[in-house]
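Visitor: Sharing a model that was predicted from the sequence below.
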Amino acid sequence: MTTRILVVEDNPLNLKLVRDVLSFAGYDVIEAQSGEEGLRAAQETPPDLVLMDLQLPGIDGTETLHRLRQDTLGPEVPIVAVTAFAMAEDKERASRAGFDGYIEKPISVRALPGQIEAFLGGGAG
Amino acid sequence: MGERSERTTRVSRASSELNRQLRDAREQAAASREILAALGRAGADPGDILDTNLEHATRLCRAQAATLYIPNGDAFLLSRDSGKIPDEFRRQVLDQPLARNRSSTVGRAAEEMRTIQIADALNDAEYGRSDLQSLAGFRTLLSTPMILQNEVVGVLSMWRTNVAPFNTRECELLEEFAVQGAIVMRQDALRRALATKVEQLEVLGEVGDAVGSTLDLDEVLDQIVSNAVRLTDTDGGSIMEYDESSDSFHVRAASGSSQALLNELRAITIDRKTTLVGRAATGHQTVEVPDLSAVERDPHLDALFRHGWRSVLAVPILRGDRILGALVIRRRTTGSFGPHVELLETFAGQSALAIVNARLFGELQTKTKELEVASHHKSEFLASMSHELRTPLNAVIGFSEVLLDRMFGDLNERQDEYLRDIWNSGKHLLELLNEILDLSKVEAGQMVLEPSAFSVATAVEYCHAMVRERATSHAITVTVDVAEDIGTIEADERKFKQVVLNLLSNAVKFTPDGGSVAIRAYREATDLLLTVTDTGIGVPAEDQERIFESFQQGRRGAPKEEGTGLGLTLSRRFVWLWGGRMWLESTPGTGSTFGFSIPGVLQSDDATSQDLPVILLVDDDRASLDLISAYLDGSPTRVLRARDGVDALEVARKKRPAAVVLEVGLPRLDGWQVVADLKSDSETAAIPVVIATDVDDRARGLALGADAYLRKPIGREELMEALKKVGAL
């Protein structure tokens, strides 16, 4: 079965970019443009990994993370934050909030598939 | 025999008279010496000297009593006395002082300014103080004036209760005592005047200090007005502040004034055109009213009069020609303020300074608040702008990469070239954006330094690697020389690399093909110095300062200027944050050397802190590092930090810490590997390792050789106990 990745990102261009890159790398991508959408999508089709922007309209990344963990996803599913570059506070906030890791913006097209793979590997082992 | 005996008696009488005179002369000389000596002694009480004076006069002139009278207006009051004086006499003379007229020897001596004797007070037609005579019982009276600069400052007097006029010698003796007494009184008056001046100066100094240091205007003005009242020995006063918009004065501070009066003064309008205060302020001149009952009173003066005030003085408080207010001083009695005007004008000057200071401070506070708001808006704007700009840029860069990586098919040469241009431009914009954000953070004082221990050589090598490709393609030789005595330093590694990389890429960029670039790191005492020298085109002297300013690339005219123009500015600001400096030495046509220093990051050879046990904290989360450092604060240890596994190993090998406190999840080399490496190396195997992590795998940690395993969150007690158990504390 193909690995399913839920991408929660409010900017449609960035969402499209991540979707294309991950699809190209062979992942099955589910898109969500808000925390609420992400929660619904995760319930319909549970993903193997969640990639989520910290700054989201409506309920934010941290809140979405808590609700995902509480209702839908087991602790074995990595949830990774996407944080703005050079925002030390964001990174600290991400690790304090309980994300399994973070990926810095700007997302590197070349590095992203490898980063995702590492998180999936780490989650499994 | 009888005749002889008579002669003998005469001779003997004459001789005893001579002896007596001789003895008197000796005693007199001794008394004079004593008084002169006392006069010369610092700190001698003038009252004591005068008392001694009177005692000597009584004894040497064989009088029953001697007295000293001091003028008070037109009368003379008893000041001091010696000998037999009945208390009733003292009371009576206090009640009915001696007049400056012929009714007493004191009055006559003062009037005629010469020594006066009445042989028998009961037998003198003009003597008019039989009241005193009957109380004291004197008959012969002698008075002599004490004169200073043609003015009678006192009268010395003696009496005998029998009729026995004082002889010439005794008169002269009293006159001599009068001269000495006058000198004493003058000295005392001078000393008092000096003390008053000193006190005034001290108070003025204190008020001046308050004006300079206290920003609470009311407090300063209260101090000024109360001191002004105290030093001028008046009864009350106020400081009025002038309000330009209403062209009137209102009470700002007061002393010795009842609440009822103040309420009344606040209720009325003290306008500039029609009041005494206004007249003083408008005329720039001190105005006084010695008797409030005798003048036409404006509402202000009328209120004062009704509350029992009888004389008033108004001193304008001015700043140049501008009216700030007035200092008003009042008495409950009538009379002129003459001698105090100068002092009060000084107080008014100080009030002016205080008011101006307070107004300036108020304006400054308003401006500061406005600036704070503006700065806050700017920060918010920059933060949101950078987010808004970054998001589309990410898409620009990302989609270019997708296409450049041929994810969706091949490209022709021109498409590839244009895509590279798009990608390069996007990257450039992103860099610019990040630098603008960094710079605004530095300027707003919000830049947070994230210190950790790292190897200088490794960091420099990392930067070298970043420019290697470009240098090679332009045949530029890059040499790296990090002095051997420089190991790890504790600083913000990311910013350190940013600064070095900036200098290095500039050097490579501005050096012609075939040139060379040299990086050198060395120590000066405990400072780290790093220089980058190139054989480039150099910077003309006139551009050497400008080049550090924003968006100035100088006239270095590289063939392709791709810098942001902010790199050097930002680098220098980072160096300043570390307390260091950045400099440039350059000869156009020959090359440039850019250098910077970070003070105090290297240990001196004889540092005592080196004797303290080192605890190495390894964690990539700054909050965790700060927390554990805080726990160790105050314990006799020196804390070093590392933020990844590779640095941790290097620091551990070089510093031989007393313990390593280690997180498992680390960049570059994870904590498991760090423990394994430390424990398998005979050099470091003995270093205790305390794993402090949120990973729940105690068995694995202990199997690898960790000495203790703590799960986050970790309390202070828990940590200290673990460090004690492993022998680090």
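Guide: Cool, got the structure.
Visitor: how about the residues of chain A near chain B?
Guide: By C-beta under 8 Å from any C-beta of the partner chain, the residues of chain A that approach chain B are A:11, A:13-14, A:16-17, A:20-21, A:24, A:55, A:84-86, A:88, A:92, A:95-96, A:105-110. The C-beta positions use only the backbone N, C-alpha and C, and glycine is treated the same way.
Visitor: From those, list the buried ones, please.
Guide: Buried members of the residues of chain A next to chain B, scored by 16 or more other C-beta atoms under 10 Å in any protein chain shown, are A:11, A:14, A:16-17, A:20-21, A:84, A:86, A:95, A:105-109.
Visitor: Go through chain B and flag its longest helix.
Guide: The longest helix of chain B (DSSP state H) is helix B:341-404.
Visitor: near chain A at all, that one?
Guide: Yes. Helix B:341-404 reaches chain A (C-beta under 8 Å from any C-beta) through B:H387, B:R390, B:T391, B:P392, B:L393, B:N394, B:A395, B:I397, B:G398, B:F399, B:E401, B:V402.
Visitor: Which of those residues scores worst on pLDDT?
Guide: Within the set of the residues of helix B:341-404 next to chain A, pLDDT is lowest for B:H387 (71).
Visitor: Just give the number of residues close to that residue.
Guide: Neighbour count of B:H387, defined by other C-beta atoms under 10 Å in any protein chain shown: 15.
Visitor: Same question for B:E219.
Guide: 13.
Visitor: which residues touch it?
Guide: B:A210 (C-beta atoms under 8 Å, 6 or more residues apart in numbering or on different chains).
Visitor: Kindly give the local confidence score, pLDDT, for it.
Guide: In this model, B:E219 carries a pLDDT of 85.
Visitor: and it, what helix or strand is that in?
Guide: helix B:217-231 (DSSP states H and E).
Visitor: Any chance of the backbone angles for the closest residue to B:A659 other than its chain neighbours?
Guide: Closest residue to B:A659 apart from its sequence neighbours, by C-beta to C-beta, 6 or more residues apart in numbering or on different chains: B:A728 at 3.6 Å. Phi and psi for B:A728, reported as degrees, to the nearest 10, are phi -90, psi -20.
Visitor: so B:A728 makes contact with B:L616?
Guide: No. The criterion here is C-beta atoms under 8 Å, and B:A728 misses it with B:L616 at 10.2 Å.
Visitor: so what sits against both of those two?
Guide: Residues touching both B:A728 and B:L616 (C-beta under 8 Å, 6+ apart): B:A659.
Visitor: Make CSV out of the buried ones among the residues of chain A next to chain B and add pLDDT and secondary structure.
Guide: Formatted as CSV, these follow (pLDDT from 0 to 100; DSSP: H, G, I helix; E, B strand; the rest coil):
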residue, pLDDT, secondary structure
A:N11, 86, coil
A:N14, 86, helix
A:K16, 91, helix
A:L17, 90, helix
A:D20, 91, helix
A:V21, 92, helix
A:A84, 66, coil
A:A86, 50, coil
A:S95, 75, helix
A:K105, 77, coil
A:P106, 76, coil
A:I107, 82, coil
A:S108, 83, coil
A:V109, 86, coil
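Visitor: can you give me the strands in the stretch 501-650 of chain B?
Guide: B:516-524, B:527-534, B:582-587, B:591-598, B:614-618, B:638-642 (DSSP state E, counting those that start in this stretch).
Visitor: So which residues make contact with the third one?
Guide: The reference is to strand B:582-587. Residues contacting strand B:582-587 (C-beta under 8 Å, 6+ apart): B:538-539, B:544, B:547-548, B:571-572, B:575-576, B:592-597.
Visitor: now with 6 Å?
Guide: Applying C-beta atoms under 6 Å, 6 or more residues apart in numbering or on different chains, the contact partners of strand B:582-587 are B:G538, B:V539, B:Q544, B:R572, B:V575, B:S592, B:T593, B:F594, B:G595, B:F596.
Visitor: Show the buried residues in the residues of helix B:341-404 next to chain A.
Guide: B:R390, B:T391, B:L393, B:N394, B:A395, B:I397, B:G398, B:F399, B:E401, B:V402.
Visitor: Would you mind confirming that the last one is in contact with A:I107?
Guide: No. With contact defined as C-beta atoms under 6 Å, B:V402 does not reach A:I107; the gap is 10.9 Å.
Visitor: Okay, and B:D24 sits in which element?
Guide: Using DSSP H and E, B:D24 sits in helix B:2-40.
Visitor: again with B:D188
Guide: Element membership for B:D188, per DSSP H and E: helix B:168-213.
Visitor: what angle sits between that helix and helix B:217-231?
Guide: Helix B:168-213 and helix B:217-231 meet at an angle of 180 degrees, taking axes from the mean of the first three to the mean of the last three C-alpha atoms, to 10 degrees as the criterion.
Visitor: if I look at the spatially most central residue of chain B, how far off is chain A?
Guide: By C-alpha atoms, centre = their mean, chain B has its centre lying nearest to B:S213, at 7.0 Å. The gap separating B:S213 from chain A is 39 Å, by C-beta to the nearest C-beta, to the nearest Å.
Visitor: contacting residues for that residue?
Guide: B:S213 touches nothing, counting by C-beta under 6 Å, 6+ apart.
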